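Peer 1: predicted coordinates and the sequence they were generated for:
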Amino acid sequence: MRRAGQITAAARELAGKMVRPGVTTLEIDTAVRKFIESQGAKPSFLGYGGFPGSACISVNDEVIHGIPSNLVLKEGDIVSVDVGAYIDGFHGDCAATFPCGKISEEAARLIAVTEQSFWEGMKYARFGYRVGDISHAIQKYVEDNGFSIVRDFVGHGVGAQLHESPEVPNYGTPGRGPRLAPGMTLAVEPMVNEGDWRVKVMRDGWTVRTADGSLAAHYENSILITKGEPEILTQVRDLQV
């Protein structure tokens, strides 16, 4: 899983470097696929449930599961890229939201709060705590900063399968849910809306947008629960992007 995580994280970094005005989301997706395959891995998302891309690329009010297309990115967009790589029987899964050129102060704050909420959750990703402790920490940080947490989609276990038990909501009550134990591997992924938390699934059956048209951001890592600090599996270590 560390190897899968490294490849996945490097693919996310590559995608982030490509986010700039004039680039299409399909161009980013193609580069992600070529990179993952160059490492001897397979894109986890390609064909998963019929998904047509190697990465989910969601722009502005698209929360998750955006389908790569000929959409041309423009100055001021924010672009969420969710990627996965499968190698030697295991998956890595991670995401981040990137600015396209110069963005508004509020959009930048949304991205920053979304990422920091993940790290707030990591304070409780330890042996002896429960999933609900992670969930509550994420929700509290997001709402204290004036944003809202998506409730219709959640994080999950990750390993031999891309989606495994347990579910890891980004909201909830501390002290509830499965108890965390060393060896558990989870994909923790706050999805944060600028406005209301409600979302809608588009006619393509995949793309999820904010119901009120407000901006959305996404941040995710695959993590390993240990007897001490959680280990972030989706980190770039020895790979060149």
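Peer 2: Received the coordinates, thanks.

Peer 1: can you give me the helices in this protein?
Peer 2: Read by DSSP state H, the chain holds these helices, from start to end of the chain: 2-18, 25-38, 105-122, 131-144.

Peer 1: please identify which of the ones you listed is closest to residue 229.
Peer 2: helix 105-122 (8.5 Å; C-beta to C-beta). (Glycine included, C-beta is placed from N, CA and C.)

Peer 1: can you redo the helices of the chain as TSV with distance to residue 51 and mean neighbour count?
Peer 2: Conversion of those to TSV gives the following (distance: least, C-beta to C-beta, whole Å; neighbours: other C-beta atoms under 10 Å):
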stretch	distance to residue 51	mean neighbour count
helix 2-18	16	23
helix 25-38	11	20
helix 105-122	23	20
helix 131-144	25	23
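
Peer 1: now those helices in TSV, with distance to residue 184?
Peer 2: Putting the helices of the chain into TSV (distance: least, C-beta to C-beta, whole Å) gives the following:
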stretch	distance to residue 184
helix 2-18	15
helix 25-38	25
helix 105-122	14
helix 131-144	9
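
Peer 1: quick one, which of these gets closest to residue 215.
Peer 2: Of all the helices of the chain, it is helix 105-122 that lies closest to residue 215, at 5.8 Å by C-beta to C-beta.

Peer 1: just the CA atoms of that closest one, as PDB, please.
Peer 2: Listed next in PDB are the C-alpha coordinates belonging to helix 105-122 (Å, rounded to 0.1, in the frame of the first residue of the first chain):
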ATOM      1  CA  GLU A 105      -9.600  35.300  -1.300                       C
ATOM      2  CA  GLU A 106     -12.700  33.300  -0.300                       C
ATOM      3  CA  ALA A 107     -11.900  30.500  -2.700                       C
ATOM      4  CA  ALA A 108      -8.300  30.300  -1.300                       C
ATOM      5  CA  ARG A 109      -9.700  30.200   2.200                       C
ATOM      6  CA  LEU A 110     -12.100  27.400   1.200                       C
ATOM      7  CA  ILE A 111      -9.200  25.300  -0.100                       C
ATOM      8  CA  ALA A 112      -7.000  26.000   3.000                       C
ATOM      9  CA  VAL A 113      -9.800  25.200   5.500                       C
ATOM     10  CA  THR A 114     -10.600  22.000   3.600                       C
ATOM     11  CA  GLU A 115      -7.000  20.800   3.800                       C
ATOM     12  CA  GLN A 116      -6.600  21.800   7.400                       C
ATOM     13  CA  SER A 117      -9.800  20.000   8.400                       C
ATOM     14  CA  PHE A 118      -8.100  16.800   7.300                       C
ATOM     15  CA  TRP A 119      -5.200  17.500   9.600                       C
ATOM     16  CA  GLU A 120      -7.600  18.300  12.400                       C
ATOM     17  CA  GLY A 121      -9.100  14.900  11.900                       C
ATOM     18  CA  MET A 122      -5.700  13.300  11.900                       C
END
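
Peer 1: please name the bridge partners of residue 85.
Peer 2: Taking DSSP bridges, one finds residue 43, residue 92 as the beta-bridge partners of residue 85.

Peer 1: contacting residues for it?
Peer 2: With contacts taken as C-beta atoms under 8 Å, 6 or more residues apart in numbering, residue 85 has the following neighbours: 4, 7, 8, 11, 36, 39, 41, 42, 43, 44, 91, 92.
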